[in-house]
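Q: Based on what follows, work out the 3D shape:
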Amino acid sequence: MDVWLSWVLGFLPILGWLLWWWNDLWYAAPLIFRYSGTGTRLPPGHMGFPVFGEIISFLWYFKVLRRPDDFINSKRRKYGDGVGMYRTYLFGSPAIIACFPSINKFVFRSSDKFIQKWPSVELMGYTSLVAVHGKAHARVRSFVISAINRPGALRRITEMVQPRMVAALQSWAQKGQLKVYNEVKKVKSSKLIN
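A: Numbers count the residues shown, from 1 in each chain. I've put the predicted structure just below:
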């Protein structure tokens, strides 16, 4: 009995440690070894348990506490604010959380290095901004930006959106308690009568 108990008590901590570090060993360790001599480093972070990763703590902050920023703030407190990027494992895949606007700007402008994929291209269209990559993406993005960033275009957009938002805010003030998701869907789908 003592031998069996010592095996169980000795094996369980090792198994727990291995499960706790599994995603880091599986995803991060090969990258660390591959780029060890180049001075390139992975962002700090912990990728959590296999399959789940950090989704439990993520959902805790988002759904239970209703303070989503605290998930990122916990990483900032743990790993320091100077990096601005943290590695994690969410929704079944490794991920990097970028906190600084300059990092996000670099990622969004480097479409050739960071390809974003949507679950269904048919949803947005094959020639939409989210479906094209490389030079085609840069061309479509420049068309959209030039159409939106002109003062006349911004004025027309504001004239269309402002009455809708004022009406929605007035109705929300009268309702008292409301479900934001349902109300935003109503505002988004309502038609303006000119």
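
Q: pLDDT at the residue lying closest to Gly92 once chain neighbours are set aside, what is it?
A: Spatial nearest neighbour of Gly92, excluding adjacent residues (C-beta to C-beta, 6 or more residues apart in numbering): Val51 at 7.1 Å. C-beta coordinates here come from the backbone N, C-alpha and C atoms, glycine included. Here the pLDDT value assigned to Val51 is 84.

Q: could you point out which element follows the helix or strand of the chain with the lowest mean pLDDT?
A: Least confident helix or strand, the chain: helix 121-124 with a mean of 65, by mean pLDDT, DSSP states H and E. Next helix or strand after helix 121-124 toward the C-terminus (DSSP states H and E): helix 135-148.

Q: Tell me how the chain divides into domains.
A: 2-109, 150-194 (automatic domain parsing).

Q: Redo these as TSV? Include distance to Leu129 and mean neighbour count.
A: What follows is those, written out as TSV (distance: least, C-beta to C-beta, whole Å; neighbours: other C-beta atoms under 10 Å):
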stretch	distance to Leu129	mean neighbour count
domain 2-109	11	13
domain 150-194	17	10
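
Q: Would you tell me which of these gets closest to Ala131?
A: domain 2-109 (15.6 Å; C-beta to C-beta).

Q: if I read this right, Arg67 contacts Tyr61, doesn't it?
A: Yes. Counting by C-beta atoms under 8 Å, Tyr61 is a contact partner of Arg67 at 6.0 Å.

Q: would you say Ile97 is within a helix?
A: No. Per DSSP: H, G, I helix; E, B strand; the rest coil, Ile97 lies outside any helix segment and is strand.

Q: if I pick it, what's in contact with it?
A: By C-beta atoms under 8 Å, 6 or more residues apart in numbering, the residues touching Ile97 are Gly45, Ile72, Lys75, Met85, Tyr86, Arg87, Thr88.

Q: Check Trp22 too.
A: Contacts of Trp22 (C-beta under 8 Å, 6+ apart): Phe49, Pro50.

Q: do you know how far it is from Val3?
A: 28 Å (C-beta to C-beta, to the nearest Å).

Q: Report the beta-bridge partners for the spatially most central residue of the chain.
A: Closest to where the C-alpha atoms of the chain average out (C-alpha atoms, centre = their mean) is Ile97, at 6.7 Å. The partner list for Ile97 in beta bridges (DSSP bridges) reads Tyr86.

Q: so how far is Ala29 from it?
A: 20 Å.

Q: Mind pulling the model confidence for Leu192?
A: 42.

Q: Quick check: next helix or strand after the strand or helix carrying Arg164?
A: Assigned by DSSP H and E, Arg164 belongs to helix 151-175. Next helix or strand after helix 151-175 toward the C-terminus (DSSP H and E): helix 180-189.
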